[in-house]
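Participant: All I have is the shape, not the residue letters:
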């Protein structure tokens, strides 16, 4: 009852106030004026903030973003060299994969050997395909089209051939799985053929640097304990999303702006660090899979799927090395 009474009194008071305000035109007019001025002030403030943000992200920028990226890569290189010395010289108290490999059965050795044989063959097929497409003006014109249809077709071809190669069940010898694997490697070579335009010296340097990075990371993964880098899957997946979004954004924003330079730096240098981490993770995952996959399981061990993972890591590292070296060469000019 008390609550109802208070509410009733409050309601009647509000009604009387609204009634008095309604009979006072000057107060109503002032209220409308103040309301309109408040809205205009908010709109002007929002427009000013949008204009300031647009000017900030669109203004010309120096090499700050790329300097930060190069510093991050240098830090990653120091960490990699330190890890190589730490695990390679046996300073760790934990048993590394290199020590446990001495007691591997022969079938584990054969699995790892087959995996890296397919990995090396993938690199060779991709290089041959890239050179073949580069020497064909018709094919180069096809892969260098900038239309959305051509870009979409390229993405579909890469993803489709990769999914096809990994979805077919593996069987020893030469069969559908091996043909799909060759197709995927050839498609990747055709897609990266335009990088040949940067010239032979840059490509050779990028290939040497990539070989050094992949070899060093593989050595670290082999010398480290067998599960040291297998816990990196979650952070690497998050980093992959960030680098993927940065790569898409850098395709629409020029690197001469602050935002575009930041996205480009994240795509290049962040991607280089990311796929270096993936190389550590995938190398140890291959070893773990070779050790634990049942010898007489329902499905045989698949060296092609295992090789595709480190093959894609290597390709991403190589592409970024080419872009970094090419951009550095352009700045010197």
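Facilitator: The structure has been received and is ready for your questions. Small disclaimer: the values here were computed from a predicted structure and weren't measured.
Participant: Report the residue spans of the stretch 201-333 of the chain with pLDDT below the cut-off.
Facilitator: Within the stretch 201-333 of the chain, the stretches with pLDDT under 70 are 253-258, 297, 328-333.
Participant: all strands for it, in order.
Facilitator: Using DSSP state E, counting those that start in this stretch, the stretch 201-333 of the chain contains no strands.
Participant: where exactly do the helices run in it?
Facilitator: 233-250, 258-265, 271-292, 303-332 (DSSP state H, counting those that start in this stretch).
Participant: Show me the one of those that comes nearest residue 202.
Facilitator: The closest of these to residue 202 is helix 303-332. By Cβ to Cβ, the value is 4.9 Å. Just so you know, the C-beta spots here come from the backbone N, C-alpha and C atoms, and that holds for glycine as well.
Participant: which strands and helices sit next to that closest one?
Facilitator: Contact analysis of helix 303-332 by 3 or more Cβ pairs under 8 Å, 6 or more residues apart in numbering; DSSP states H and E lists helix 106-134, helix 148-167, helix 176-191, helix 200-223, helix 271-292 as its packing neighbours.
Participant: Can you pull out the low-pLDDT segments for the stretch 51-200 of the chain?
Facilitator: 51-66, 86, 88-96, 98-99, 147.
Participant: Spell out which residues sit in contact with residue 287, please.
Facilitator: Contact analysis of residue 287 by Cβ atoms under 8 Å, 6 or more residues apart in numbering lists 97, 112, 221-222, 226.
Participant: okay, the residues you listed in TSV with distance to residue 214 next?
Facilitator: Output for the contacts of residue 287, formatted as TSV (distance: Cβ to Cβ, whole Å):
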residue	distance to residue 214
97	17
112	16
221	10
222	12
226	19
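Participant: just those residues now: which is nearest residue 237?
Facilitator: Closest to residue 237, out of all of the contacts of residue 287 and judged by Cβ to Cβ, is residue 221, at 18.4 Å.
Participant: Residue 285 is in contact with the closest one, correct?
Facilitator: No. Applying Cβ atoms under 8 Å, one finds residue 221 not in contact with residue 285, separated by 9.4 Å.
Participant: what about these two, which has more around it?
Facilitator: residue 221 (25 against 18; other Cβ atoms under 10 Å).
Participant: which one is that one nearest to, not counting chain neighbours?
Facilitator: Spatial nearest neighbour of residue 221, chain neighbours left out: residue 283 (3.8 Å); criterion: Cβ to Cβ, 6 or more residues apart in numbering.
Participant: Tell me which residues touch that neighbour, please.
Facilitator: 217-218, 221-222, 229, 310.
Participant: can you rerun that using 7 Å?
Facilitator: Under the criterion of Cβ atoms under 7 Å, 6 or more residues apart in numbering, the neighbours of residue 283 are 218, 221, 310.
Participant: Residue 150 versus the second one, what's the distance?
Facilitator: Counting by Cβ to Cβ, to the nearest Å, the separation of residue 221 from residue 150 is 38 Å.
Participant: ok, and the most crowded of the contacts of residue 287?
Facilitator: Busiest of the contacts of residue 287 [other Cβ under 10 Å] is residue 221, holding 25 neighbours.
Participant: Could you report the separation of the residue nearest to residue 235 when sequence neighbours are not counted from residue 222?
Facilitator: Excluding the flanking residues, the one nearest residue 235 by Cβ to Cβ, 6+ apart is residue 277, at 8.0 Å. Applying Cβ to Cβ, the value for residue 277 to residue 222 is 16 Å.
Participant: go on, residue 76?
Facilitator: Separation of residue 76 from residue 222 (Cβ to Cβ): 19 Å.
Participant: Name the nearest of the contacts of residue 283 relative to residue 175.
Facilitator: So of the contacts of residue 283, ranked by how close each gets to residue 175 (Cβ to Cβ), first place is residue 310, at 22.4 Å.
Participant: so the closest one makes contact with residue 120?
Facilitator: No. Between residue 310 and residue 120 there is no contact under Cβ atoms under 7 Å: 10.5 Å.
Participant: Looking at those two, which is more packed in?
Facilitator: residue 310 (25 against 12).
Participant: Many thanks, have a good one.
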